[in-house]
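Undergrad: predicted model and sequence below, questions to follow.
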Amino acid sequence: MHFKQPEILYFLFLLIVPILVHLFQLRRFKTSYFTNVRFLKELSIQTRKSSKIKKRLLLAIRLLLLACVILAFAQPFFEAKDKKNASNEMYIVLDNSFSMQAKGKKGELLKRAVQELLENTPENAQFSLLTNTENYWNTDIKSSKNALQNLNYSATPFELSAIMAKIKAHKSAHKKDIIIISDAVGLTPNDVQNSETEDKPYFIQPEAEQKNNIAIDSVYINQSLENFYEIGVNLSAYGDDFKPVSMALYNQNKLIAKTIITFDAKKKKVNFTIPKEAFHGYVTIEDNGLTYDNKLFFSISKAKKTNVISIGEPEKGNFLSRIYTSAEFNYKNYAISNLDYNSLDKQNTIILNELIEIPQALQTTLKSFVSKGGNLVVIPSEKSSISNLNTFLGNFGKIQFGNSENASKLITKINFDHPLFSGVFENKISNFQYPKTSLSFAVTSPYPAALSFEDQSVFVTMIQNPVSSVTVFSAPVNVQNSNFQQSPIIVPLFYKMAQNNQKTGVNALTIGNNQPYFVDVLLSKDAILEVKGNDDSFIPIQQILNNKVKLVFNDFPETAGNYNVFDKKEAVENISFNYKRSESDLSQINKSVISDFKTADTISTIFNTLQTERTDSQVWKWFVIFALLFLALEMAIIKFVK
């Protein structure tokens, strides 16, 4: 036992006063006369004995009464077992990712967690609140009430290691109590290992009752017909035993099509046919799971002709004019001697078709062209200078040419997962008529091959970067060297190489994915583009590149939806943004990951535990109670004991 005012204990010497009073009772006795005391002798003896007992009882009670009063003023207490951490700072980490939309016993997990914080956090408790994107340092429940009540779901996934790094970087002279409120969806062992602190944090895991969920993963153009697009919608089902769900397609909030989907597998593909024109809408489903992944916004730009030129001998480029038709392409061929360098920056794709030597001036121009988002295709000649080719390709990556091989080789392998063949084949084929080449070059490339020879050597490979691509052939494709021009695979291959991927397919960007986006617009030097939605607008990072503008969005916008890119007051392009689908699988919870944490069911349990373990047990109140009891007992003895 400890005392807050131990000096008061010196007053225990006052206990001698009742003893002295009882030993030396200075009373005047009044003499009473009786006619005959013979009859009172026995009564006198009995009274003297009871009086002695009464006095001793009163002495003991008064001593205890005075002792209790003195001890109460000394304020005794029992020290808390965790008193050394009583000054710890508290940090509350609240996961507001989309998986917290799931419903538990008392409603949505995030809303219930917020309600418990508001109801059970002591008003005098100081803490720091951290969510996926926001930090509120050194606050209390009254100050943070509005922030909690208006807390929205975040497109940023819950990254515990990053949040713990913020807490660790927040310098303090005190130790830290950390309370993590999360459903632990997607939490990995690395997150826990990187978040280890001196003391294990408390973990509150609200659990969803319904873990079935259906998500719309992607939308793409499955087939481009003369007057229509056939678009495909990919869905994923997480869980078991799904009921049929309805799906609807909207353009500018106008219903275009509707269907019912029955899930007989975890993955489902649904096709729609829409007019071949600009599209700015979304596809949506209705299920009982999460809501954030039930809608996918997408845009299809108005078809623009792609600018393509080939540089080489005209007769060797005749096959290209049959692929790049005037309906979809602006195609021209230039001999190297007649090349107009000023026209290169206006192209989407440039094909170097069997040049023997690439002049230095052209190398410099093409390097700049690729860096600004242009696509480049390199087809070697039988007489190409290997050193010249390697010097040129060194500007873009690590593809290098070796010696030529004058031997017939079959092209037998198609990489169906390569970007050049994405969406080209509905099924993988293996029994097509193999084209062949008579002469080819040995090519070393760290990049995956799109087409390979029978000996697994490279025929077509590609250097892919965020803004452009460089596609390289290892052999000439003229009719004297190869029958590749007669192969049906040549059309989709050259078509995909030439197309600007952002302008020919579905435009559905992911928030937080910093892949650059190019807008075909000619801006003045000081002009800027602005992105506007129904309720939000922002100015992205941008760079003017000749006749196009490179946009980088970082973490903007915050809300998924359909937006427009504006040049002053003129809308120049439609653009759509969606949330990452990383939170859709509610079953991706690894229980062993959080097994090392201290766990609790509710926030009130943690507050009560901390208060119990770190608050001294005050016992002075008991001494006051005992003093009052002894006082009452003294009065009872005086009144009733004779």
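TA: Looks like it arrived, so ask away. Numbering: from 1, shown residues only.
Undergrad: in stretch 139-157, what's buried?
TA: 139, 141, 144, 148, 151, 153-157 (16 or more other CB atoms under 10 Å). (Each C-beta comes from the backbone N, C-alpha and C, glycine too.)
Undergrad: would you map the helices across this structure?
TA: 16-23, 41-73, 109-120, 145-149, 160-169, 189-194, 318-323, 360-371, 386-393, 490-498, 501-504, 603-614, 620-640 (DSSP state H).
Undergrad: those helices: which one's closest to residue 307?
TA: helix 490-498 (9.3 Å; CB to CB).
Undergrad: what is the neighbour count of the residue lying closest to residue 631 once chain neighbours are set aside?
TA: Nearest residue to residue 631, sequence neighbours excluded (CB to CB, 6 or more residues apart in numbering): residue 65, at 5.8 Å. Residue 65 has 20 neighbours, counted by other CB atoms under 10 Å.
Undergrad: can you list the weak-confidence ranges in this protein?
TA: By pLDDT under 70, the weakly predicted segments of the chain are 25-50, 77-83, 85-86, 193-199, 423-432, 500-504, 614-617, 642.
Undergrad: got the contact list for the residue positioned nearest the centre of it?
TA: Residue closest to the mean C-alpha point of the chain, counted by CA atoms, centre = their mean, is residue 157 at 0.9 Å. By CB atoms under 8 Å, 6 or more residues apart in numbering, the contact set of residue 157 is 97, 132, 186, 580, 582-583.
Undergrad: if we use 7 Å, what do you get?
TA: Applying CB atoms under 7 Å, 6 or more residues apart in numbering, we find residue 157 in contact with 97, 186, 580, 582-583.
Undergrad: you'd agree residue 255 is up against residue 248?
TA: Yes: contact criterion CB atoms under 7 Å: residue 255 and residue 248 qualify, at 6.1 Å.
Undergrad: can you count the residues close to residue 467?
TA: 18.
Undergrad: how far away is residue 579 from residue 156?
TA: Separation of residue 579 from residue 156 (CB to CB, to the nearest Å) stands at 10 Å.
Undergrad: re the thing from before, please identify which pair of the contacts of residue 157 lies farthest apart.
TA: Largest separation among the contacts of residue 157 by CB to CB: 186 and 580, giving 10.8 Å.
Undergrad: what is the burial count for the residue lying closest to residue 395 once chain neighbours are set aside?
TA: The shortest distance from residue 395 to any non-neighbouring residue, by CB to CB, 6+ apart, is to residue 367 (4.7 Å). Here the number of neighbours of residue 367 (other CB under 10 Å) works out to 14.
Undergrad: hmm, back to that, just the ones of the contacts of residue 157 in strands?
TA: Nothing among the contacts of residue 157 maps onto strands, per DSSP state E.
Undergrad: any chance of the helices of the chain in TSV, plus distance to residue 552?
TA: Formatted as TSV, the helices of the chain follow (distance: least, CB to CB, whole Å):
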stretch	distance to residue 552
helix 16-23	87
helix 41-73	71
helix 109-120	30
helix 145-149	29
helix 160-169	21
helix 189-194	28
helix 318-323	33
helix 360-371	15
helix 386-393	27
helix 490-498	25
helix 501-504	14
helix 603-614	40
helix 620-640	66
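Undergrad: right, so of the ones you listed, which gets closest to residue 229?
TA: Comparing those against residue 229 with CB to CB, the closest turns out to be helix 501-504 (10.7 Å).
Undergrad: what's near enough to touch the residue nearest to residue 631?
TA: By CB under 7 Å, 6+ apart, the contact list for residue 65 reads 627, 630-631, 634.
Undergrad: out of these, which is nearest to residue 309?
TA: Top of the list for closeness to residue 309, among these and by CB to CB, is residue 627 at 103.7 Å.
Undergrad: that closest one contacts residue 68, doesn't it?
TA: Yes: applying CB under 7 Å, one finds residue 627 in contact with residue 68, separated by 3.9 Å.
Undergrad: show me what contacts residue 178?
TA: Residue 178 neighbours (CB under 7 Å, 6+ apart): 91, 93, 167, 197, 201-202.
Undergrad: same thing but at 6 Å, please
TA: By CB atoms under 6 Å, 6 or more residues apart in numbering, the contact list for residue 178 reads 91, 201.
Undergrad: ok, what's across the strand from it?
TA: Residue 178 has these beta-bridge partners by DSSP bridges: residue 91.
Undergrad: report the separation between it and residue 203.
TA: Relative to residue 203, residue 178 is positioned 9 Å away (CB to CB).
Undergrad: equivalent analysis for residue 361, please.
TA: Using CB to CB, we find residue 361 at a distance of 64 Å from residue 203.
Undergrad: where exactly do the strands run in the stretch 251-400 of the chain?
TA: 254-261, 267-275, 279-285, 295-300, 306-311, 329-334, 349-355, 375-380, 400-405 (DSSP state E, counting those that start in this stretch).
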